[in-house]
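*Asks:* okay, predicted coordinates and the sequence, questions at the end:
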Protein chains: 2
Amino acid sequence: MSAATPPASPKQVYIGTFIHPTAPNELAYLHDTAVFVDGTTGRIVAIEPATARNEVLQRLGWRVEEIQISDISTGTTEPGGKRFFFPGLIDTHIHASQYPNVGIFGKSTLLDWLDKYTFPLEASLGKDLAKARRVYSRVVRKTLSHGTTAAAYFATTDVEATKVLADICLSAGQRALVGRVCMDEARICPAWYRDESAVDSIEKTRAVVDYLRDRDPRGDLVRPIVTPRFAPSCTPAAMRELGEMARAEGLAVQTHVSENKGECDLVAEMFPEETKDGKGYVGVYDAFGLLGERTILAHAIHLSEQEVKTVADTRSGVSHCPCSNTAITSGAARVRWLLDRGVDVGLGTDVSGGYSPSVLEAARQASLVSRHVAMGLEGDEKERAKLSVEEVLWLATRGGAKLVGLEGRVGGFEVGMEWDALLVDLGGVGEEGEDVGEDGNVDVFGWESWEECVAKWLFNGDDRNLRKVWVRGRLVHERV
Amino acid sequence: MSAATPPASPKQVYIGTFIHPTAPNELAYLHDTAVFVDGTTGRIVAIEPATARNEVLQRLGWRVEEIQISDISTGTTEPGGKRFFFPGLIDTHIHASQYPNVGIFGKSTLLDWLDKYTFPLEASLGKDLAKARRVYSRVVRKTLSHGTTAAAYFATTDVEATKVLADICLSAGQRALVGRVCMDEARICPAWYRDESAVDSIEKTRAVVDYLRDRDPRGDLVRPIVTPRFAPSCTPAAMRELGEMARAEGLAVQTHVSENKGECDLVAEMFPEETKDGKGYVGVYDAFGLLGERTILAHAIHLSEQEVKTVADTRSGVSHCPCSNTAITSGAARVRWLLDRGVDVGLGTDVSGGYSPSVLEAARQASLVSRHVAMGLEGDEKERAKLSVEEVLWLATRGGAKLVGLEGRVGGFEVGMEWDALLVDLGGVGEEGEDVGEDGNVDVFGWESWEECVAKWLFNGDDRNLRKVWVRGRLVHERV
C-alpha cells in the first residue's frame, strides 16, 4: 500500500459471500450475491443474487466493459479455504501517538503508566515532526492492514503534529475522528507536557478544528473531535469551554471515564461539587456539557447505576477497551450490564494501554473479558454476561459506527450504505496437513459451517486474513 | 518444512544475541555470543564471547570448513529490527485430536463442550486414519511453526490413530509425550466413544507404550504417557491399574483436575470416599497412585489449601491453560498462589478448549489472566498476583521443561543442555512508516531496550517472528 492510494473506480461489482451484522446478536450470510458500488459516492446502489447481475447492470445503466468486478466465488482453493466480504472494523478509541509503546506496560496501572511510558512519548512527537510523521504513518498503515476503516484518534497536545496525523489519514483514505489532546491541569500533567492555560487549550483546539474543516469540508473522511484527555487533567474552565464549543458547532467529543479506581477517587477529590450526591465521575462531564449523542466515553468500568443512567439518558456512547483494561489491571467492564441499560457500546483498541492495534483482537478479548465478568456471577446472569461471536462482531462494526457518528452509513451491507469492507480469506488444510491458500493462523478443514468459520476467524484471525480493505469504495490496503 | 526434516549437521555454531530464562523472574541477555552445538547429540558444548570463536573451535578440534555457522549478528536491518535466539517453547497440555475445533466453543462450559464439540471429533479420527493423519500432521506442523519444541499430547482412545501421531512427531522432529486417552466410565463417556472396560483401557495403553518404546527406545524425542482423561471418565479399576503401570515402569502421567465447579461437584459425588475429609478432587488421583513427580495436572483452578498441599507434596506439576480456562469460563487459576506453595507450573494451550495452538499466546494470556486474578485482590497481594513478562516466559520454557521431564535438558542455554531453540526476528519501521525486514505484528522503532523488545514480542508476536526452530540441533521449521 502506498501512502496515497489511487482513486476509486466509478462502477464496482463485488460477487461472492457477504457476512454482516443485522442485529446485535445476529449475522446474516448472503451467498452467491452481487453488490454494486458507485465509486464516486462510495455508496452501495444494489444488492442482488449474483444470477441477476446482468439485469441489475441494465437497470443501473452500467456497461459491462466499464465495470470493475471483484468475484471471489471462483478460484477458491479446495479442500477448505473460505472467502467472504465483511464490513470494515471501527476503532472507537486509539491513541495514535502511543503506538510505539504497544506491549510495554510492565506492572503499571493507569496513573503511573501515564507518567512513566505515555507522556514522554507523546511529548516527543510535538518536538520532532519527522518522528510524528513516522509514527502516525505506521499507525494508519498498520490499522488499515488490520481492517480498521474508521478510527477515533487521540493525537497529542501539539497542533502541528495533530495536523500531520489528519493529513496521513486523508492521504491513506482512512476515516478518522482526529483529536488534539487538551490537558491544562498542573496537578496531573507535568510542566513539560501540558497546555499553558484553559485559553491555550481552547485556541489550540480551535486551530485543529479549523484546519480539518479546511482539509475535508464535508467531513467525508476526517472530522475533528473535541478531546479533553480526562477530568483530572483538565481545569473546569477548559472543560466548560470545550463543552460549549462542541455544542455550538455540533462537534464530536471523546474522553476517558471511570477506568481505574484510584482515578475515580482522585476525580471525587478534585471535583467534589460535580461528583456529589452519587453523580460520580460521569457527573463531571455532565456538569461541563460534555455528554451527548456525539460523545465517546472510553472504559466506563466502575460506573454506578446512577452514572450509567446519566450515560444512557444523554445518549453518550461507551468505548469498551478490553485489552487495555486487562493489561493495566483497570478492571473488567460489564458490557452486558451497559447494554441492558440502553447504552451504545463500541470497541476500542486503546493503543497503547491496549497492546494490539487490531480491532479483531479487541473483539476476541471482549469475548474473553465477558467470561471473566461471568465468573463472578451466578445462574442466568452468569450465562447472559457472556458475549457471543455475533455480539462482539456487532460491537466491532455497527456498534462502533454509532459511536463515531456513522450509523446507517457503515458497519453493514445495505443499499444506501457506503462500501467500507474487508475481503476475508481463511486458509485451508491439505490432505497431508499442508497449507492450502492463505498461510495465516485460521485453518479450515472443509467440514465447518460458515458460522464456525467466522468463530475461527474471530479467535485465530490476524492481518494475514485480510486480502483487501476498502473505504468509501476506494481500495486502501491490499495484501499481495 | 517437509514432514521429514533432514538430519542435523554435526558441528554447529550460532552467533548473535541469546536471551533465556535463568530464574523464575529473570531473563539473561547474552550479546555478541557464540554457542557451539554438537549435532550428533544435540548438546551445547560451549558458550563463549563471539570474539573467542577461533580459540573455541581449536579447543573442540572443529575445523572451520566443517562447521555450519548461523550468524545473526550481521545483516540485521536498520532502523529497528531485532534478532535473537530463545529457547524452544513447551506445551504441557494439548489435545492434538481437537485441533480442528480451535475457536469453536460457543457459550459452552466443560461438560456440555465435551459432548457437543469434542467427543464426536475425537471418535471420528479412530474411524478414519487418513483423517487422523491429516489432523495430526497439521497440528505438529502448526505447533512447530509457533515454536513448540516439546508437547504433552492427548490423542484419542484409538490405538492406531495414536501411533500415527507418534510417528508424525518422530518424523517431524518434535519432542512429544504421546498419550492414548483412557475413558471407560459409562456415565460420562458415550457408548460410541469409550473403552469397553478397565481391562480394555489397560491393554490399549500397553499397546501404545510398547509401540513407542519400539520406535524410540531411549525416548530421545517421543515417549509414552499414561493418560486417564479425568476422574469422572474413568473407573476406579482403570485408574488403579494405570497408577500401578506408571509407578512400575517410571512412566509419565497426565490428566485434568479441578477445571470447572460442576466437574468438581460431580467428582465429589462419584468418589465420596476418595474426596472426603477435604481430600477433594486431587484426592482421587492420590488414592489411585497417579500423583508424582512425573505427573502433569491440567488446570487446577479451584483447589483448596489441602489439595494444593497434596499436589506440592507429591511433586506433581500443574499445566496452566489460560486461553482455555477463560474461553470455556472454567475460572481463573491462581498461578502466584500455586507458585507460593511450591508447585511446579508450566503452560498449556489446551487445544481446543484453548483457541490457539501457540504457547506464546498462552504466555500472553497467562499474563492477562493473572491481572484478572489481581482485580479480585487488594494491596500487596494484588500487586504480587500479576505475572511479569519474565515469569510467563519462564513458565513457557523452564517451567514446562520440568513438567515434561526435561529439566536441565531444555528450556535455557547452558553447556550440557540440548539445542531446542528459536530464531526470533522482530521487524523494524522505516522513516516513512514502512516495513523493514520481517512483516509481522511486532514493530521495533529502534529506540527500545532489549527488555522492551521482548515485551513487544510477547504481546504482539506470532509465528511470523519465528524464522527457524530447532530440536536437538536439528532444524525442524524454517520460515522462508
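*Replies:* Nice, I can see it. Residues are numbered from 1 along each chain as shown, chains lettered A, B, ... in the order given.

*Asks:* what is the neighbour count of the residue in the stretch 151-300 of chain A that chain B sits nearest to?
*Replies:* Of all residues in the stretch 151-300 of chain A, the one sitting closest to chain B is A:I168 (8.3 Å; Cβ to the nearest Cβ). Just so you know, the C-beta spots here come from the backbone N, C-alpha and C atoms, and that holds for glycine as well. A:I168 has 26 neighbouring residues, counting by other Cβ atoms under 10 Å in any protein chain shown.

*Asks:* A:T74 too?
*Replies:* A:T74: 7 surrounding residues under other Cβ under 10 Å.

*Asks:* for the helix or strand where A:M245 lies, packing partners?
*Replies:* If you go by DSSP states H and E, A:M245 is part of helix A:236-249. Here helix A:236-249 touches helix A:198-215, strand A:222-228, strand A:252-257, going by 3 or more Cβ pairs under 8 Å, 6 or more residues apart in numbering or on different chains; DSSP states H and E.

*Asks:* mean neighbour count, mean pLDDT and distance to A:G289 added to those, as a markdown table?
*Replies:* A markdown table is the format used below for the helices and strands packed on helix A:236-249 (neighbours: other Cβ atoms under 10 Å in any protein chain shown; pLDDT from 0 to 100; distance: least, Cβ to Cβ, whole Å):
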| stretch | mean neighbour count | mean pLDDT | distance to A:G289 |
| --- | --- | --- | --- |
| helix A:198-215 | 18 | 98 | 14 |
| strand A:222-228 | 26 | 98 | 11 |
| strand A:252-257 | 27 | 98 | 9 |
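
*Asks:* in JSON lines, list the ones you listed along with distance to chain B.
*Replies:* Below are the helices and strands packed on helix A:236-249 laid out as JSON lines (distance: least, Cβ to the nearest Cβ, whole Å):
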{"stretch": "helix A:198-215", "distance to chain B": "20"}
{"stretch": "strand A:222-228", "distance to chain B": "18"}
{"stretch": "strand A:252-257", "distance to chain B": "18"}
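
*Asks:* would you turn the ones you listed into a markdown table with distance to A:A287?
*Replies:* As requested, these are exported to a markdown table (distance: least, Cβ to Cβ, whole Å):
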| stretch | distance to A:A287 |
| --- | --- |
| helix A:198-215 | 15 |
| strand A:222-228 | 13 |
| strand A:252-257 | 13 |
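
*Asks:* and of these, who's closest to A:E26?
*Replies:* When these are compared by Cβ to Cβ, strand A:252-257 sits nearest A:E26, at 28.0 Å.

*Asks:* that closest one: partners in the sheet, and parallel or antiparallel?
*Replies:* Using DSSP bridges, the strands paired with strand A:252-257 in its sheet are strand A:222-228 (parallel), strand A:295-299 (parallel).

*Asks:* just after the last one, pick out the following helix or strand.
*Replies:* Downstream of strand A:295-299, the next assigned helix or strand under DSSP H and E is helix A:305-313.

*Asks:* next, the angle strand A:295-299 makes with that next one.
*Replies:* 140 degrees (axes from the mean of the first three to the mean of the last three Cα atoms, to 10 degrees).

*Asks:* just the buried positions in helix A:305-313, please.
*Replies:* A:307-308, A:310-311 (16 or more other Cβ atoms under 10 Å in any protein chain shown).

*Asks:* picking that back up, now do the helix holding A:M245, average pLDDT.
*Replies:* Mean per-residue pLDDT for helix A:236-249: 98.

*Asks:* what's it in contact with?
*Replies:* A:182, A:184-185, A:195, A:198, A:201-202, A:205-206, A:209, A:226, A:228, A:231, A:234, A:251-253, A:271, A:284-285, A:288-290, A:292, A:294 (Cβ atoms under 8 Å, 6 or more residues apart in numbering or on different chains).

*Asks:* is the residue nearest the centre of chain A bridged to anything, and to what?
*Replies:* The centroid of chain A falls nearest to A:D91 when counting by Cα atoms, centre = their mean (0.9 Å). A:D91 has these beta-bridge partners by DSSP bridges: A:A151.

*Asks:* I'd like the distance between it and chain B.
*Replies:* Plainly put, A:D91 is 15 Å away from chain B if you go by Cβ to the nearest Cβ, to the nearest Å.

*Asks:* host element of the closest residue to chain B within the stretch 301-450 of chain A?
*Replies:* Minimum separation of the stretch 301-450 of chain A from chain B (Cβ to the nearest Cβ) falls at A:G433, amounting to 2.8 Å. When elements are assigned from DSSP H and E, A:G433 belongs to no helix and no strand.

*Asks:* isn't it up against B:Y136?
*Replies:* Yes: taking Cβ atoms under 8 Å as the contact criterion, A:G433 and B:Y136 are neighbours in contact, 7.4 Å apart.

*Asks:* looking at the two, which has the bigger crowd around it?
*Replies:* B:Y136 (28 against 21).

*Asks:* skipping adjacent residues, who's closest to that one in space?
*Replies:* Leaving aside its chain neighbours, B:Y136 sits nearest to B:L165 (4.5 Å; criterion: Cβ to Cβ, 6 or more residues apart in numbering or on different chains).

*Asks:* quick check: buried residues in the helix or strand the one you found falls within?
*Replies:* Using DSSP H and E, B:L165 falls within helix B:159-172. Buried residues in helix B:159-172, counted by 16+ other Cβ under 10 Å: B:159, B:161-170, B:172.

*Asks:* give me the residues contacting that helix.
*Replies:* Under Cβ under 8 Å, 6+ apart, the answer for helix B:159-172 is B:1, B:3-5, B:96-97, B:125-126, B:129, B:132-133, B:136-137, B:140-141, B:144, B:151, B:153, B:155-156, B:175-176, B:178-180, B:204, B:207-208, B:211-212, B:215-216, B:221-222, B:476.

*Asks:* ok, so what distance separates A:W192 from A:P100?
*Replies:* Counting by Cβ to Cβ, to the nearest Å, the gap from A:W192 to A:P100 is 19 Å.

*Asks:* which one's more surrounded, those two?
*Replies:* Higher neighbour count among A:W192 and A:P100: A:P100, with 26 against 9, using other Cβ under 10 Å.

*Asks:* among the contacts of helix B:159-172, name the ones in helices.
*Replies:* B:125-126, B:129, B:132-133, B:136-137, B:140-141, B:144, B:204, B:207-208, B:211-212, B:215 (DSSP state H).

*Asks:* flag every residue of the stretch 351-480 of chain A that's near chain B.
*Replies:* Neighbours of chain B within the stretch 351-480 of chain A, by Cβ under 8 Å from any Cβ of the partner chain: A:355-358, A:365, A:367-368, A:371-372, A:374-376, A:382-383, A:386, A:388-389, A:429-434, A:441-443, A:445, A:447-448, A:452, A:455-460, A:462-463.

*Asks:* report the buried members of these.
*Replies:* Using 16+ other Cβ under 10 Å, the buried ones in these are A:355-358, A:365, A:367-368, A:371-372, A:374-375, A:382, A:386, A:388-389, A:429-430, A:433, A:441-443, A:445, A:448, A:452, A:455-460, A:462-463.

*Asks:* of the buried residues of helix B:159-172, closest to chain A?
*Replies:* Nearest to chain A among the buried residues of helix B:159-172, with distances taken as Cβ to the nearest Cβ, is B:I168, at 8.3 Å.

*Asks:* you'd agree the residue nearest to the centre of chain A is up against A:L347?
*Replies:* Yes: A:D91 is within contact range of A:L347, at 7.2 Å (criterion: Cβ under 8 Å).

*Asks:* overlap in contacts, the two.
*Replies:* Joint contacts of A:D91 and A:L347 (Cβ under 8 Å, 6+ apart) are A:359, A:362, A:400.

*Asks:* neighbour count added to these, as CSV?
*Replies:* Output for these, formatted as CSV (neighbours: other Cβ atoms under 10 Å in any protein chain shown):
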residue, neighbour count
A:V359, 32
A:A362, 34
A:G400, 36
